[in-house]
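K.L.:
sequence-free structure coming up:
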């Protein structure tokens, strides 16, 4: 049985690497006595795939993994059992049974939303987001492949929202994580810095979600399995 | 504090997960309800410190079984240290993010001589005066334990008290005494601590020196202070506390697995081995207890591997049944068993095959010396035949690489002994070519022998770095295909040698070295021999006095203040037997060797599953020294 799980990682765990997170999940599954399936072969391992890599330094509200079980389990019971054995600083939001032939998370997720918590007036950020969306190109230094070359992020920025919270303003950017361009959060920070957001006024950054972007609609991997 | 760390400090450093705490099974006790507050400080990075079993035991013990509290703290890597100093962030505990100055006691785990510069650095980062003399009741009490504490003298300036031997009974007693002396002056507290068996308070002793520089006497400064401090021993390991819910770190640490301590102590009697002498007597845990501890640990941690730890796990009476049971019970869940140390014989290889049905990477064996003569001198009871049989068994069952541990600079060493190492490696490779289907790789890790306190070799001169360098050059004068030699840095070994048999006069040298920037001396990227040489020069201390000098039978050693229970007469006898190339058997297999541990502690070998009944227990030999 294949389960698709949506989970959150709080700020306290923002410094874990992807490998650390895999170990954490695996050990929690064992503590919770979840009947996970093991791969065949010389070096049996859990059949778990993390959909996306949460960058070190960021926390996330909606992250995903798929897990194969040896013995079927009610998703709600699975969720509650595992949550009891995860650190209180992370947990599953939702779990659903999916078709065992569903395409892998990594193949379908093509968009992410990043939130930048900024100490600046909302109207100024509103104006900034309009300016970014109207620009014909947005050049930053590439951080991923082709390191340090110029990279145009414009085609990869789909949507920007600005919302006031209690203390600061949250600027949320929906971006592409594959075609036409893979936009990284640190490249977005540079873009904001180029546009007058001083590093000191950036109070926090987190990933608010991962999406399947198609026909101008953002669906979560749980809403749109195939 | 925590908020600021997460926002401003940790994003700027490498491996920030070292500094966040919050791991699964971490214990945060109520600060206001806890009695004595102690922080367990490990003078190396998180991933080393968290791998240490002693720390896991004491952490669980204090927090679960006593009214006191224990939190943790590790040495920050230099990049983190720089940001902490720049931002004026004091050294803090990982549980409550409190600065170390909030605690009543800071307890350093001293596993390695050269970590002392990290101790000084950590005290400095915590804003605590470095020397015992400068501290008063306002400051936390600074204590130390661990193997290095068996010669506490070089560190006498920096610690208020040392805990000698097993900590399970000793540490709770120490915390109780601190609790009863709340509000007392530091002098009163130190006097009270010196009354606990196993506690050495260096300030209460005064050394004097002879004209040749050797120690004349180390004298207690007053009435009622013990002339010697006897180490503490947990009589029954089977009944001793062992943590069932150890912390599971988020980041990968050096020993990232569940651990069972199957036994403590070893009496094979290798003459170079300090642990084998100071952790006597041998005590085993019963299979029944280990089974329970294995299940509890695996369930509470979710670890994918469990390791059977001790000084010589293959000597544990129940090792065969334990390994088979664990593999049978947990193998299907993808949980593996590992053996950290192997004996050099075919039985070991069979057992290694049992636990490593897959992934046969590198097998590690420790013959320690190349020639039979030298193995007899150091009392390593292993023959070349056994070693080659082990290699054959390993290659036949699919291992492709063998790593062998050797030492150079051993007592009475001659060129033939060095040749013998190379010849032995060649023979192992030949066995590999004959019995393995694929080309094999032989690696030799060659350490420099460092004579240690409380061992039969405590009288032996150590080779100078120059002699060791000549030996290294000699051994590497030609290359052999698929045999790789790697040598420990002989300057690091030399410095270890200075401190291992050092005395109080090294205190200022250590301070000077730290001032000159020495830290993480055990890490090759930070070790700076030039700075240490400068420190010796500025303090007017000749390091060779502690290393290359031959010591007379009657010389009073700085560590004589510590009584390990193993008699000096026995050590000298063993030293003489080394000269005569004579072997001493394991007392478990044969008769008592008269080391003195059993009569002194009124204990016997504690082997719950070995089928020993009282009448079969060896009769103890008493010698002239043991009437104390």
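P.N.:
Here it is on my side, so go on. Small disclaimer: the values here were computed from a predicted structure and weren't measured.

K.L.:
CA atoms for contacts and neighbours, from now on please.
P.N.:
Will do.

K.L.:
Please tell me how far the one residue sitting closest to the centre of chain B sits from chain A.
P.N.:
With distances taken as Cα atoms, centre = their mean, chain B has residue B:111 as the residue nearest its mean C-alpha position (4.5 Å). As judged by Cα to the nearest Cα, to the nearest Å, residue B:111 and chain A stand 27 Å apart.

K.L.:
and that residue, what does it touch?
P.N.:
Counting by Cα atoms under 8 Å, 6 or more residues apart in numbering or on different chains, residue B:111 touches B:146, B:147, B:148.

K.L.:
Please identify which helix or strand holds residue B:532.
P.N.:
Here residue B:532 is covered by helix B:529-539, with elements defined by DSSP states H and E.

K.L.:
Give me the PyMOL select line for the contacts of residue B:111, limited to the buried ones.
P.N.:
To isolate the buried ones among the contacts of residue B:111 in PyMOL, judged by 16 or more other Cα atoms under 10 Å in any protein chain shown, type:
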select buried, chain B and resi 146+147+148
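
K.L.:
Sketch out the strands for chain A, chain order is fine.
P.N.:
Remark: strands assigned in chain A by DSSP state E are A:2-9, A:48-50, A:59-68, A:90-98, A:111-118, A:139-141, A:150-152, A:157-164, A:169-176, A:202-214, A:217-219.

K.L.:
out of everything not next to it in sequence, what's closest to the residue of the stretch 251-400 of chain B found nearest chain A?
P.N.:
Proximity of the stretch 251-400 of chain B to chain A (Cα to the nearest Cα) peaks at residue B:302, 4.1 Å away. Using Cα to Cα, 6 or more residues apart in numbering or on different chains and skipping the chain neighbours, the partner closest in space to residue B:302 is residue A:27 (4.1 Å).

K.L.:
tell me the pLDDT at the one you found?
P.N.:
Model confidence at residue A:27, given as pLDDT, is 96.

K.L.:
wait, doesn't it sit right on residue B:299?
P.N.:
No. Counting by Cα atoms under 8 Å, residue A:27 does not reach residue B:299; the two are 9.4 Å apart.

K.L.:
Of these two, give the one with the bigger neighbour count.
P.N.:
Remark: of residue A:27 and residue B:299, residue A:27 carries more neighbours, 23 against 18, as counted by other Cα atoms under 10 Å in any protein chain shown.

K.L.:
List the residues that contact that one.
P.N.:
Taking Cα under 8 Å, 6+ apart as the criterion, residue A:27 is in contact with B:301, B:302, B:303, B:304.

K.L.:
how deep is the nearest residue to the last one once chain neighbours are set aside tucked in, by neighbour count?
P.N.:
Once its chain neighbours are removed from consideration, residue B:304 has its nearest residue in residue B:335; the separation is 4.5 Å (Cα to Cα, 6+ apart). Burial of residue B:335, expressed as a neighbour count using other Cα under 10 Å, amounts to 18.

K.L.:
I figured residue B:335 hits residue B:305, correct?
P.N.:
Yes. Residue B:335 is within contact range of residue B:305, at 5.2 Å (criterion: Cα under 8 Å).

K.L.:
Secondary structure element for residue B:422, which one?
P.N.:
Going by DSSP H and E, residue B:422 is part of helix B:415-435.

K.L.:
Pull the residues that contact that helix.
P.N.:
Identification of contacts with helix B:415-435 by Cα under 8 Å, 6+ apart yields B:369-371, B:374, B:384, B:388, B:391-392, B:395-396, B:406, B:408, B:439-442, B:444, B:471, B:475, B:483.
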